[in-house]
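[1] this is the structure alone, sequence omitted:
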């Protein structure tokens, strides 16, 4: 009997030690489209997140950090199911990722009910963060990235423009923001064209834009579609027809830019990040990213994955490792740091990102194409 009692005591001691050890691990779920049409976004996001942890260690706030990556294939129903599984089964403290707006929107009710914070690393529709008090964004919004190029176009002799965007939340945000900003500066929108998000054929829309003979065509598509779009832009001969090509930086995505060819040289975009950004922080980030991922050049998704994990680490530092969801989301409010993209912060009122937006031109340097920044809009909030 004594032996049995001793064995039971030892067993309970082991269980208690195991439970204590388990409490010292903080799990972060990262939901990303690793397969399917948006896989390029997912790969960049995950690479950026993993790089941050590789460079900064897996200990913060007295806890060990475990990153759990799940592939949602770019499908909202799968995103929601994975979020539920991560929260209920894995007991994650935070979820993150979301390669498209519908994927982020799908988890809003889940995080609100469970009070588990979610850090948006890509999705760019303005309204997402307002759908749950447990969202924070480390990426960008489309209005934030759009209005600078609209202002630039109006100031640089463009009187009439055709817009062509993907027909979903961020595209509509970009279209409306460009129109509002450009018309306020005295410009005219000749037409607003919308291409389907799924399996788009841009050719008929580009031909329609060319036939209208605008001064410029403004473009937005999600970055994984940029290569296909720009090939058709070049093939249609818009620039040879005297039409300038402008857009958000999604359409001259850093990771795909070299494959687009010299036909994109001179195109103007506005964006929150370029791999050619001239700062010590970015030079180090790009060097380390390319060392870890030799076949990839970091783009906005890569830096957003990196910054998203940074935001979570900083929140855990502020809470001294307390993983209460309300405490963590409150700790994210007002956070500020110098990112590879430049200075950035989380607005304490909206939980949305505040950052510099750069106007860039595609140039060839040292045999490679780069988005070279030449103008700056400082500390830009989402212009709701």
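    In hand now; what should we look at? Because the structure is predicted, anything quoted here is derived from the model rather than measured. Numbering: from 1, shown residues only.

[2] now do the strands in the stretch 251-384 of the chain.
    For the stretch 251-384 of the chain, applying DSSP state E, counting those that start in this stretch gives strands covering 268-271, 336-339, 342-346, 353-365, 368-380.

[3] could you do the stretch 101-250 of the chain as well?
    In the stretch 101-250 of the chain, the segments counted as strands under DSSP E, counting those that start in this stretch are 118-120, 135-137, 160-166, 188-195, 216-220, 244-248.

[4] determine which stretch of those is the most buried.
    strand 118-120 (a mean of 30; mean count of other C-beta atoms under 10 Å). In this view, the C-beta of every residue, glycine as well, is placed from N, C-alpha and C.

[5] about what we covered before: which of the strands of the stretch 251-384 of the chain sits most buried?
    strand 268-271 (a mean of 26).

[6] what lines up beside that one in the sheet?
    According to DSSP bridges, strand 268-271 has the following sheet partners: strand 244-248 (parallel), strand 353-365 (antiparallel).

[7] let's have those strands in JSON lines, adding mean pLDDT and distance to residue 321.
    JSON lines is the format used below for these (pLDDT from 0 to 100; distance: least, C-beta to C-beta, whole Å):
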{"stretch": "strand 244-248", "mean pLDDT": "98", "distance to residue 321": "38"}
{"stretch": "strand 353-365", "mean pLDDT": "98", "distance to residue 321": "25"}
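
[8] out of these, nearest to residue 87?
    Smallest distance to residue 87 across the strands paired with strand 268-271 (C-beta to C-beta): 23.8 Å, for strand 353-365.

[9] quick one: the closest one to strand 342-346, angle?
    150 degrees (axes from the mean of the first three to the mean of the last three C-alpha atoms, to 10 degrees).

[10] quick check: which of the strands paired with strand 268-271 is nearest to residue 112?
    strand 353-365 (20.4 Å).

[11] just how off-centre is the closest one within its chain?
    15 Å (C-alpha atoms, centre = their mean, to the nearest Å).

[12] residue 136 reaches residue 121, doesn't it?
    No - with contact defined as C-beta atoms under 8 Å, residue 136 does not count as touching residue 121 (10.5 Å).

[13] returning to what we had before: looking at the strands of the stretch 251-384 of the chain, which is nearest to residue 46?
    Set against residue 46 and scored by C-beta to C-beta, these come closest in strand 336-339, at 17.9 Å.

[14] what about the closest one, distance to the chain center?
    How far strand 336-339 lies from its chain's middle: 16 Å, per C-alpha atoms, centre = their mean.

[15] distance of the nearest residue to residue 161 once chain neighbours are set aside from residue 147?
    Of all residues not flanking residue 161 in the chain, residue 216 sits nearest, at 4.9 Å (C-beta to C-beta, 6 or more residues apart in numbering). Taking C-beta to C-beta, to the nearest Å as the measure, residue 216 falls 15 Å from residue 147.

[16] and what of residue 25?
    43 Å.

[17] which residues of this structure fall in helices?
    2-23, 39-56, 76-88, 101-114, 142-155, 169-184, 203-211, 226-235, 280-292, 300-318, 325-332 (DSSP state H).

[18] out of the strands of the stretch 101-250 of the chain, nearest to residue 67?
    Short answer: strand 118-120, nearest of the strands of the stretch 101-250 of the chain by C-beta to C-beta, at 12.4 Å.

[19] and that closest one, what does it pack onto?
    On a contact count with 3 or more C-beta pairs under 8 Å, 6 or more residues apart in numbering; DSSP states H and E, strand 118-120 meets strand 94-97, helix 101-114, strand 135-137, helix 300-318.

[20] distance of residue 112 relative to residue 83?
    11 Å.

[21] the more surrounded of these two?
    A direct count of neighbours by other C-beta atoms under 10 Å for residue 112 and residue 83 places residue 83 higher, at 28 against 15.

[22] confirm for me that the more buried one is in contact with residue 107.
    Yes - the pair residue 83 / residue 107 is scored as a contact, 4.4 Å apart, by C-beta under 8 Å.

[23] overlap in contacts, those two.
    31, 95, 118 (C-beta atoms under 8 Å, 6 or more residues apart in numbering).

[24] beta partners of the closest residue to residue 365 other than its chain neighbours?
    Counting by C-beta to C-beta, 6+ apart, residue 372 is the residue found nearest to residue 365 once chain neighbours are left out, at 7.4 Å. With DSSP bridges as the criterion, residue 372 is bridged to residue 361.

[25] quick one: residues contacting residue 372.
    Counting by C-beta under 8 Å, 6+ apart, residue 372 touches 274, 276, 360, 361, 362, 363, 365.

[26] try 7 Å this time
    Residue 372 is in contact with 276, 360, 361, 363, counting by C-beta atoms under 7 Å, 6 or more residues apart in numbering.

[27] how near is the first one to residue 318?
    Going from residue 276 to residue 318 by C-beta to C-beta gives 33 Å.
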